[in-house]
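S.K.: Model the structure of this input:
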Amino acid sequence: MIVSFFAKNKIVFVDGSCPRPSANDNPAKLHQWNRCNNKVISWLTSSLSPVIVESVQYSETAKRIWKQLERRYGAVNATKLKKLWDELGTMRCNSCTCVAKPSIQKDEEKDKLH
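M.R.: All right, here's what the predicted structure looks like:
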């Protein structure tokens, strides 16, 4: 993701080095910033699973989403834990199509959170 943001000259929206202009600035400048920020948010969220998107969907800036993801997945131990959860999810039989499936998935996500 970082390489892609650099290539598209949008890393400044993720690392915060291009802060949101104030409301008193040129409206066109604020509009352009919002447009670029939203584009980066779109790229970020389209690369995430729906469950993760739900946890960041109300963030107003790409920087805030990036920080949340960094907190959640940035540590080596957290990455290892995620890998283990993914492995366990692969071994579980997730072919259930019954009414209880959403509830089961919700319970699994709660387990991961704890």
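
S.K.: Surely residue 96 is in contact with residue 104?
M.R.: Yes. A contact is recorded between residue 96 and residue 104 when judged using Cβ atoms under 8 Å, the distance being 6.6 Å. C-beta coordinates here come from the backbone N, C-alpha and C atoms, glycine included.

S.K.: I'd like the next helix or strand past the lowest-mean-pLDDT helix or strand in the chain.
M.R.: The weakest-scoring helix or strand in the chain, judged by mean pLDDT, DSSP states H and E, is helix 76-91 (a mean of 74). Downstream of helix 76-91, the first helix or strand assigned by DSSP states H and E is helix 101-113.

S.K.: show me what contacts residue 112?
M.R.: Residue 112 is in contact with residue 85, counting by Cβ atoms under 8 Å, 6 or more residues apart in numbering.

S.K.: Excluding sequence neighbours, find me the nearest residue to residue 1.
M.R.: Nearest residue to residue 1 in three dimensions, chain neighbours excluded: residue 47, at 6.8 Å (Cβ to Cβ, 6 or more residues apart in numbering).

S.K.: quick one: the one you found and residue 69, what's the gap?
M.R.: 10 Å (Cβ to Cβ, to the nearest Å).

S.K.: Cool, thanks, talk later.
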